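**Student:** predicted coordinates and the sequence they were generated for:
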Amino acid sequence: MSEKTVMDDLPKRFREIFKRNSAVVARAPGRVNLIGEHTDYNEGFVLPAAIERATYMAAAPRKDRKVRLVAIDLNRETSFDLDAIGISQEEPWSNYIRGVAAGLVQAKYPVQGMDAVIHSEIPIASGLSSSAALEMAAIWAFRATGHFDIPSEQAARIGQRAEHEFVGTRTGLMDQLASALGQQDHALFIDCRDLKCQAVPIPKGATILIADTAASRELAFSAYNERRSQCETAAAAMGVPWLRDATIEKLEAAAMDEIVARRARHIIEENQRVNETVSALREGNLQRVGLLMDSSHVSMRDLYGISSRELDTMVELLRSQKGCCGARLTGAGFGGCAVALMKSDAVKAAIPVVAAAYESRTGLKPSLYPTRAAAGAGVLPVK
Ligand code: GLA
């Protein structure tokens, strides 16, 4: 759906369901990570961009402390009380919203009860941060209906807490920051130690192509948390607080399990690659950016162990296209999407070729779509 169609349709759906008008529509985009994978929870560097696909919430405040939610794509609804927010086993999709509501209340923001209708264009569990987009859309809806302001960094932290405490994945902050702070036609170079964020222009003539493998992420939550623990073990073995502070020399001098050492090597080298990618983007050196993306994929496949047969196939096909600078899996891994940086004039021809070859090799129907880097979360006025 285009933004205009959503803006025409969502307030109408709100009226049909709640028999009154919505006051605002909050919008929060998904994200694609160009490079810097699993580095965020090691206080390292990341380079994501917000994407054009977003999650929308049409909302209006209520006079009581109740929050009523209708997820129109899932055809589900649920409600909770702001003074007694618990985890829902029956409606797990709502835990992201329950989690951020609990975080806002705990931080003493004047959250009000609200009615809301939710629609998302971001495929679930595909590595494009549909959950962070839902969290940020909810925060922006609460902030507009409760008439308060909140710094984006704190909004991101409240989203992260919802993931840790209401969902059970010990994620970093990249997804929430990208959804909150995205800038049109720019990637965001984020230092996850102090959360400083610099916008890096995507060079003219380059296009981001997202390629969804249509392979679901098996056991992603437990494997994700396991990677995080392995990083903590490696940091402790080297006597550094975070892997951000480690070096290859320290790694080679320390005694640790071989798998743990491989995980740590990925993080140390990936941090280096992010910094080099930022310099190459600023110089407009797309070939160098592509090579760094390619090595990032190899490292995630061989050292971090988060690729899959489908992701490797997709990345190989993307890379073999004329005009492809580089390609890699994006997001947590274990399934989901790959991302390629393409010469813009080569995108149209590449899409059908990659889609057909991927389907014949895997039997799965992929979705490939170019995206511009988009603006971060915001509130759109209802007409
Ligand atoms: C998920 C998490 C992020 C980050 C990525 C991997 O998207 O939510 O915090 O760790 O995986 O880079």
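**Tutor:** Looks like it arrived, so ask away.
**Student:** okay but Met381 is in contact with Val24, surely?
**Tutor:** To be clear, residue 381 is Pro; Met isn't right here. Yes - with contact defined as Cβ atoms under 8 Å, Pro381 reaches Val24; the gap is 7.1 Å. Every residue, glycine included, has its C-beta placed from N, CA and C.
**Student:** comparing these two, which residue is more hemmed in?
**Tutor:** For Pro381 and Val24, the more surrounded residue by other Cβ atoms under 10 Å is Val24, and the numbers stand at 22 against 9.
**Student:** what's the helix or strand for Val200?
**Tutor:** Secondary structure from DSSP states H and E places Val200 in strand 196-201.
**Student:** for that strand, buried residues please.
**Tutor:** 197, 200 (16 or more other Cβ atoms under 10 Å).
**Student:** what lies in contact with the helix or strand following that strand?
**Tutor:** Scanning forward in sequence from strand 196-201 by DSSP H and E, the next helix or strand is strand 206-212. The contact list for strand 206-212, computed with Cβ atoms under 8 Å, 6 or more residues apart in numbering, reads 32, 34, 49, 51, 123, 126, 128, 202, 286, 314, 318, 325, 327, 330, 336-344, 347, 350-351, 354, 358, 366-373.
**Student:** from the middle of its chain, how far away would strand 206-212 be?
**Tutor:** Averaged C-alpha coordinates place strand 206-212 at 15 Å from its chain's average position (Cα atoms, centre = their mean, to the nearest Å).
**Student:** and that strand, which strands flank it?
**Tutor:** strand 337-343 (antiparallel), strand 367-371 (antiparallel) (DSSP bridges).
**Student:** can I get the ones you listed in JSON lines including mean neighbour count and mean pLDDT?
**Tutor:** JSON lines is the format used below for those (neighbours: other Cβ atoms under 10 Å; pLDDT from 0 to 100):
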{"stretch": "strand 337-343", "mean neighbour count": "27", "mean pLDDT": "98"}
{"stretch": "strand 367-371", "mean neighbour count": "17", "mean pLDDT": "98"}
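**Student:** will you turn the ones you listed into TSV that also has distance to the ligand?
**Tutor:** Formatted as TSV, those follow (distance: least, Cβ to the nearest ligand atom, whole Å):
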stretch	distance to the ligand
strand 337-343	11
strand 367-371	17
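**Student:** how about these in a markdown table, adding distance to Glu43?
**Tutor:** As requested, the strands paired with strand 206-212 are exported to a markdown table (distance: least, Cβ to Cβ, whole Å):
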| stretch | distance to Glu43 |
| --- | --- |
| strand 337-343 | 23 |
| strand 367-371 | 28 |
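**Student:** about what we covered before: what helices or strands is the strand holding Val200 leaning on?
**Tutor:** Packing partners of strand 196-201 (3 or more Cβ pairs under 8 Å, 6 or more residues apart in numbering; DSSP states H and E): strand 186-191, helix 258-282.
**Student:** what's the nearest residue to Thr78 once chain neighbours are set aside sitting at in phi/psi?
**Tutor:** In this structure, Thr78 finds its nearest non-sequential neighbour in Glu91, 4.1 Å apart by Cβ to Cβ, 6 or more residues apart in numbering. Phi and psi for Glu91, reported as degrees, to the nearest 10, are phi -120, psi 70.
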